[in-house]
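>>> sequence isn't available, so here's the structure alone:
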C-alpha cells in the first residue's frame, strides 16, 4: 500500500513537471489577465444588472445597493406598463415597437446599400482604391463629428444647409424642423444609420465577391445568361450566408445602439428606442432597478432574434 502511494506521488510529480503541464500552466497564466478583465468589465456588470432588475434601487440606495429592497417582478411590470415603452397606436409606437422597426429597417437598408457599393467596387475602374477609401469614411469617422454634421445639415433655422438650399430653390417658403417631425425624424435616423454603417456590410460582401469562383460566371456566359440572371442565380446564392451573418450582426448592434439616436434627436419625436429608454429610466428618473429591467427586456428580445436566426440558418445548412 505504501509503495502504491509513493508511486502515485511520483507519477503526480512527473506529470506536474512534464512539458505538457508546464505549457498548460503557462497558458492559464497568460489567459488570466484577460479573463479577469472580461469578468470585471462584461460578466460582472451583466450579472449585477440582472440582480438590480429585481431590486428597488434609486439614489437613496446607491450608498448601500446590496441592501436594496427585493421587489420581484415589479420593475418589469412597471416597464411594460410605462407609456414610453408600450404601443399606444399609430401616433405613438412606444420604445419597444420603435426599436424593432428601426433595427430591422435600418439593418436591411444598410445591407442593401452595402451590397450595391460592393458590386460597384468589385468592378475594375480607375481610382478604385481611392473610391474604397472614400466609401469607408462614414464608418471610421467619429460618431460625434458625423452626427453633428448631420444636425448642422438638418438644422431647423434658415442657416441650416438643407433649409438654405431648398429655400434658395423655392421648394419651401419657411425653414423646416426635420428632426422634430414625428415619422420624418425616425426616417432620417434610419437613413443616417444606413449611411454610417453600410461600409461594414460593403467590406464583408466585397471580400466574398472577390473569392467567388470565376468559372461560375464563365459557365453562365456559355448558357447565355445576362447580367441580371448572373446576379440572381450565381452571385446572390453565393452571398446568402455572408448577407445573413452581416444582417444579424447589424441587427444586434443597431438594437443596442444608443449614441446615434441620442446625438441626433435625444430620443424625441417618435425616435425613442430601448437603449435610450434605459438611460432615461436610470439617469433621468434615477430609477436604476427599472432601467436594469428595461435592459433585460432588451436582452430577451435580442436572444429571441438570435435563436430564430440560428434555427433558420442551421436548418438550411442541414438541408444542403
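Received the coordinates, thanks. Everything numeric in this text was worked out from a predicted model, so none of it was measured. Numbering: from 1, shown residues only.
>>> pull the number of nearby residues for residue 71.
17 (other Cβ atoms under 10 Å). C-beta: built from backbone N, CA, C; applies to glycine.
>>> give me every residue that touches it.
54-56, 289 (Cβ atoms under 8 Å, 6 or more residues apart in numbering).
>>> which one of those residues is nearest residue 87?
Of all these, residue 289 has the smallest distance to residue 87: 23.4 Å, by Cβ to Cβ.
>>> average pLDDT across whichever helix or strand that closest one is part of?
Using DSSP states H and E, residue 289 sits within helix 288-319. Helix 288-319 shows a mean pLDDT of 79.
>>> equivalent analysis for stretch 264-271, please.
88.
>>> got it, and stretch 92-110?
91.
>>> where's that stretch relative to the chain centroid, distance-wise?
12 Å (Cα atoms, centre = their mean, to the nearest Å).
>>> who touches that stretch?
83-88, 186, 189-191, 193-194, 197-198, 200-201, 247, 250-251, 254-255, 261, 270-277, 297-298, 301.
>>> go through those and flag which are in strands.
Members of the contacts of stretch 92-110 lying in strands (criterion: DSSP state E): none.
>>> what's the ChimeraX line that selects buried ones from those residues?
The buried subset of the contacts of stretch 92-110, as determined by 16 or more other Cβ atoms under 10 Å, is captured in ChimeraX by this line:
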select :84,85,186,189,190,193,194,197,198,200,201,247,250,251,254,255,261,270,271,272,273,274,275,276,277,297,298,301
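>>> just the ones in helices from the contacts of stretch 92-110, please.
Counting by DSSP state H, the contacts of stretch 92-110 place 186, 189-191, 193-194, 197-198, 200-201, 247, 250-251, 254-255, 261, 274-277, 297-298, 301 in helices.
>>> burial measure for residue 183, as a count.
Applying other Cβ under 10 Å, we find 12 residues neighbouring residue 183.
>>> now do the contacts for it.
Going by Cβ under 8 Å, 6+ apart, the list of residues near residue 183 reads residue 270.
>>> what do you get for residue 141?
No contacts exist for residue 141 under Cβ under 8 Å, 6+ apart.
>>> how near is it to residue 213?
36 Å (Cβ to Cβ, to the nearest Å).
>>> burial count for residue 215?
8.
>>> following element in sequence after the helix or strand encompassing it, please.
Assigned by DSSP H and E, residue 215 belongs to helix 214-222. On the C-terminal side of helix 214-222, the nearest following helix or strand under DSSP H and E is helix 227-230.
>>> and residue 85, how far is that from residue 290?
Distance of residue 85 to residue 290, computed by Cβ to Cβ: 10 Å.
>>> please identify every residue contacting each of those two.
residue 79.
>>> quick revisit: need the max-distance pair from the contacts of residue 71.
54 and 56 (9.2 Å).
>>> shared neighbours, the two?
With Cβ under 8 Å, 6+ apart, residue 54 and residue 56 have common neighbours 70-71, 75, 289.
>>> how close does the spatially closest residue to residue 256 that is not a sequence neighbour sit to residue 294?
Nearest residue to residue 256 in three dimensions, chain neighbours excluded: residue 275, at 6.0 Å (Cβ to Cβ, 6 or more residues apart in numbering). The gap separating residue 275 from residue 294 is 9 Å, by Cβ to Cβ.
>>> please apply the same query to residue 218.
55 Å.
>>> residue 61 too?
Residue 61 is 18 Å from residue 294, by Cβ to Cβ.
>>> neighbour count for those two, which is higher?
residue 294 (30 against 17).
>>> which of the residues in the helix holding residue 289 are classified as buried?
Within helix 288-319, the residues scored as buried using 16+ other Cβ under 10 Å are 288-299, 301-302, 305, 309.
>>> now for it, which elements pack on it?
In terms of contacts (3 or more Cβ pairs under 8 Å, 6 or more residues apart in numbering; DSSP states H and E), helix 288-319 is packed against helix 44-52, helix 74-81, helix 94-121, helix 236-255, helix 274-279.
>>> the shortest one packs against which elements?
Looking back up the chat, that one is helix 274-279. Right, helix 274-279 is packed against helix 94-121, helix 259-264, helix 288-319 by 3+ Cβ pairs under 8 Å, 6+ apart.
>>> can we see that at 10 Å?
Judged by 3 or more Cβ pairs under 10 Å, 6 or more residues apart in numbering; DSSP states H and E, helix 274-279 is in contact with helix 74-81, helix 94-121, helix 236-255, helix 259-264, helix 288-319.
>>> what's the closest of those to residue 229?
Minimum separation from residue 229 across the helices and strands packed on helix 274-279 (Cβ to Cβ) falls at helix 236-255, 10.7 Å.
>>> so which elements touch that closest one?
If contacts are counted by 3+ Cβ pairs under 10 Å, 6+ apart, helix 236-255 sits against helix 94-121, helix 184-209, helix 274-279, helix 288-319.
>>> what's the angle from the last one to helix 74-81?
Relative orientation of helix 288-319 with respect to helix 74-81: 70 degrees, computed using axes from the mean of the first three to the mean of the last three Cα atoms, to 10 degrees.
>>> next, the contact list for the closest residue to residue 132 other than its chain neighbours, please.
Using Cβ to Cβ, 6+ apart and skipping residues adjacent in sequence, the residue nearest residue 132 is residue 121, 5.7 Å away. Applying Cβ atoms under 10 Å, 6 or more residues apart in numbering to residue 121 gives the contacts 128-129, 131-132, 135, 202-203, 205-206, 209-210.
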